[in-house]
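Peer 1: This is a predicted model, with the sequence first.
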Amino acid sequence: DESSPRVKVERIGTSGAKQPIQMLSVGYPEPKPVSEAAKGSVILFNCSIHGDEPSGREGCMQLARDMSTTTNPSWIRLLKETTVLFTTINPDGWQADTRGNAAGIDINRDFLALATPEARALAKVMRDWKPDVLNDLHEFGPREFYDAQVLALWPRNRNVDPQIHALSKTMVNDYSLAQVASDGYTTSIYGQLVKDGVPFQQIAGDGQGRILRNYAGLQHITGQLTETAADAVTPEEESDVTLLNRRRVVGQYDSAVGSVSMLIENRQTLAQASVDAASKAAQAGAERSGVVYFDGQDDMVPTTPEGAEPHPMCGYQLSATQLTELRPVLELHGITWKRNRDGAIVTMAQPATTLIPLIFDARAPFNVSEAAPLDTCP
């Protein structure tokens with residue numbers, strides 16, 4: 001921050017252990033404020049939400065450093081048109097070398113309830129800055145049939161807009177993993193066991209709306225997860241921990257550069273896709289069209305009646321008590337409501353219709369509060 005006018009560090013919240021939650025922004029000749037950033041493009045990197053997965057943090061800081069000092073005309077042109085954000089939301093977990101925050105909560109399972117100050121801080125950034133692209137950086141433990149050096153995945157929740165889903169998948173395969181592979185590292189899809197180059201079992205990659213990469217898609221953001229192998233996966237890495245650690249960070253850096261390249265080459269398409277997805281969601285909610293999914297993922301259709309609703313509700317009735325308790329959470333999600341004599345109605349006719357049933361419906365496995373679905377709305 002002190003070394004370059006291109007960089008700004010600001011406090012976006014306070015952790016459970018009362019440490020500052022920081023966000024670093026980069027732009028040229030200086031970062032744009034939130035009120036102006038939407039006139040261009042915004043890309044958001046969430047750096048090591050799990051405290052015991054530090055390579056994402058290091059990759060982010062290296063990329064921020066390089067962006068703050070580069071003389072490359074292409075990168076300077078990028079920074080003139082794009083605000084690059086780096087969020088560092090789990091300082092307590094970093095210091096303790098733990099997956100969760102100071103209370104032991106996995107922040108990456110809190111993007112519906114927003115019960116942690118860390119998730120609330122990031123949700124507010126997403127709501128206010130409206131990023132076009134998000135890359136969430138993690139590490140994984142490699143094992144037999146799951147030993148690529150870098151993995152990635154797109155949002156898989158079935159309620160994500162099809163174009164946002166397609167763009168996210170393109171970013172993973174054609175940009176982030178392609179950039180990683182260009183440095184000679186092996187790549188694959190997160191959550192898939194692979195033998196002889198063929199996937200044979202899916203062990204993760206579910207469609208939970210409470211996970212950040214899925215939440216990003218539900219908020220109409222083209223997004224992805226990046227995972228680098230935390231342990232050695234080659235004989236060379238086994239014999240040289242420095243080589244291992246460097247690869248862990250370079251894999252994150254390369255993936256981040258890939259998502260930046262996606263933005264550079266598809267700037268207008270990405271921006272329009274977010275606008276269109278929000279509009280289509282509100283229209284579908286108003287028309288009560290489509291299907292609301294409580295289960296499944298992009299490659300897995302729900303198998304029970306409770307997993308999907310083919311006759312969508314028009315909204316949910318909240319009690320006055322529920323509205324009082326949930327109002328801060330609804331505001332962070334960008335969900336609106338209308339008061340009535342019983343409390344408030346949350347109508348499906350709004351861009352956040354992709355989130356509303358996951359928060360309020362009894363059939364949603366990670367709902368925040370159960371509210372009555374309505375067949376008739378004023």
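Peer 2: Good, I have the coordinates. Note that the structure is predicted; figures quoted are calculated from it, not measured.

Peer 1: same for the longest helix along the chain, what does it pack against?
Peer 2: Of all the segments assigned as helix in the chain under DSSP state H, the longest by residue count is helix 241-265. Under the contact criterion of 3 or more C-beta pairs under 8 Å, 6 or more residues apart in numbering; DSSP states H and E, the helices and strands touching helix 241-265 comprise strand 41-47, helix 55-69, strand 133-140, strand 150-153, helix 177-182, strand 222-229, helix 235-239. Just so you know, the C-beta spots here come from the backbone N, C-alpha and C atoms, and that holds for glycine as well.

Peer 1: Run the chain-centre distance for it.
Peer 2: With C-alpha atoms, centre = their mean, to the nearest Å as the basis, the distance from the averaged C-alpha position of helix 241-265 to the chain average is 17 Å.

Peer 1: can you put the helices and strands packed on helix 241-265 in a markdown table and add mean neighbour count?
Peer 2: Converted to a markdown table, these look like this (neighbours: other C-beta atoms under 10 Å):
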| stretch | mean neighbour count |
| --- | --- |
| strand 41-47 | 26 |
| helix 55-69 | 20 |
| strand 133-140 | 26 |
| strand 150-153 | 28 |
| helix 177-182 | 20 |
| strand 222-229 | 30 |
| helix 235-239 | 12 |
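
Peer 1: Nearest approach to residue 315 belongs to which of those?
Peer 2: With C-beta to C-beta as the measure, strand 222-229 is the member of the helices and strands packed on helix 241-265 nearest residue 315 (26.9 Å).

Peer 1: can I assume residue 163 is in contact with residue 276?
Peer 2: Yes: using C-beta atoms under 8 Å as the test, residue 163 is close enough to residue 276 to be in contact (6.7 Å).

Peer 1: Which of the two has more residues huddled nearby?
Peer 2: Just comparing residue 163 and residue 276: by other C-beta atoms under 10 Å the higher neighbour count belongs to residue 163, 18 against 14.

Peer 1: element containing that one, please.
Peer 2: Take DSSP states H and E as the rule and residue 163 turns out to sit in helix 162-170.

Peer 1: just checking, what packs against that helix?
Peer 2: For helix 162-170, the contact count by 3+ C-beta pairs under 8 Å, 6+ apart identifies helix 212-218, strand 222-229, helix 267-287 as packing neighbours.

Peer 1: Residue 38: which of the ones you listed is closest?
Peer 2: Taking C-beta to C-beta as the measure, the helices and strands packed on helix 162-170 were each checked against residue 38, and helix 267-287 came out nearest at 9.0 Å.

Peer 1: Just the endpoints, please. Distance across stretch 288-296?
Peer 2: By C-alpha to C-alpha, to the nearest Å, the extent of stretch 288-296 from end to end equals 20 Å.

Peer 1: Okay, helices next: where are they in the stretch 251-378 of the chain?
Peer 2: Assigned helices in the stretch 251-378 of the chain, in chain order: 267-287, 320-333, 356-360 (criterion: DSSP state H, counting those that start in this stretch).

Peer 1: Make sure residue 97 is actually in contact with residue 48.
Peer 2: No: contact between residue 97 and residue 48 fails when scored by C-beta under 8 Å: they sit 11.3 Å apart.

Peer 1: Give me the more crowded residue out of those two.
Peer 2: With neighbours defined as other C-beta under 10 Å, residue 97 and residue 48 compare such that residue 48 has more, 25 against 10.

Peer 1: How about the contacts made by the more buried one?
Peer 2: With contacts defined as C-beta atoms under 8 Å, 6 or more residues apart in numbering, residue 48 is in contact with 54, 55, 56, 57, 60, 88, 90, 94, 137, 138.

Peer 1: now residue 99
Peer 2: Here residue 99 is in contact with 50, 51, 52, 53, 93, 106 (C-beta under 8 Å, 6+ apart).

Peer 1: rerun at 10 Å
Peer 2: Contact criterion C-beta atoms under 10 Å, 6 or more residues apart in numbering gives 49, 50, 51, 52, 53, 90, 93, 105, 106, 107, 108 as the residues in contact with residue 99.

Peer 1: Three-state assignment for the fifth one, please.
Peer 2: Following DSSP: H, G, I helix; E, B strand; the rest coil, the label given to residue 53 is coil.

Peer 1: Kindly check the end-to-end length of stretch 103-119 for me.
Peer 2: 13 Å.

Peer 1: quick one: buried residues of that stretch?
Peer 2: Of the residues in stretch 103-119, 105-114, 116-119 count as buried by neighbour count, 16 or more other C-beta atoms under 10 Å.

Peer 1: cool, stretch 330-344 as well?
Peer 2: 330, 332, 333, 334, 335, 337, 343, 344.

Peer 1: now, among the residues you listed, which is nearest to residue 197?
Peer 2: If you rank the buried residues of stretch 330-344 by distance to residue 197 using C-beta to C-beta, residue 333 comes first, at 40.7 Å.

Peer 1: thought the closest one was touching residue 119?
Peer 2: No: between residue 333 and residue 119 no contact is recorded; they are 11.1 Å apart, counting by C-beta atoms under 10 Å.

Peer 1: Identify the contacts common to those two.
Peer 2: Contact criterion C-beta under 10 Å, 6+ apart; residues bridging residue 333 and residue 119 by contacting each: 111, 112, 215.

Peer 1: Run through the stretch 51-200 of the chain and note the low-pLDDT ranges.
Peer 2: Segments of the stretch 51-200 of the chain classed as low confidence (criterion: pLDDT under 70) are not present in this model.
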